[in-house]
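[1] Build the 3D model from these lines:
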Amino acid sequence: MSVLAYGTAAWLMLVGLYGIVTSRNLIHMVICVSVVQSSTYVLILSVGYRVNASAPIFADIPPGSRAVDPIVQALTLTDVVVEATVVALLLALAVQAHKRFGTLDPSELTPLRG
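    Now for the predicted structure:
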């Protein structure tokens, strides 16, 4: 396992979190959430990577040879679907907030505060 992959995942996570904290626009915030989510792709795939291993297609691989873990790839595909759903929901909420309040600035959405 490479330290570079873990460093990349941590860097993407920190950049996304910094963008979320400093965001002045709901659309920008949704994009930063997507960046944070993409750091999980890098992390999950780096956990399942094996050096000198072949793809998990076992039809033409001789028994006993190394293969990449197919469960990790399936989890990554599931993560992509979850991210697409979350982004679509957050963008729909941002559109509704803009229709109702006329702004996408989170600090100006004062009617939402209790």
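[2] Quick check: chain neighbours aside, which residue is closest to the spatially most central residue of the chain?
    The residue lying closest to the centre of the chain (CA atoms, centre = their mean) is residue 37, at 1.7 Å. Of all residues not flanking residue 37 in the chain, residue 83 sits nearest, at 4.4 Å (CB to CB, 6 or more residues apart in numbering). For the C-beta atoms, the positions are set from N, CA and C on the backbone; glycine is no exception.
[3] low pLDDT regions in the chain?
    Within the chain, the ranges that satisfy pLDDT under 70 run 1, 58, 111-114.
[4] hmm, try it at 80
    Along the chain, segments meeting pLDDT under 80 span 1-2, 49-69, 109-114.
[5] remind me, longest helix of it?
    For the chain, the longest helix by residue count, based on DSSP state H, is helix 70-101.
[6] For the residue nearest to the centre of the chain, list the residues it contacts.
    By CB atoms under 8 Å, 6 or more residues apart in numbering, the contact list for residue 37 reads 16, 79, 83, 86.
[7] now do residue 23
    Counting by CB under 8 Å, 6+ apart, residue 23 has contacts 29, 32, 106.
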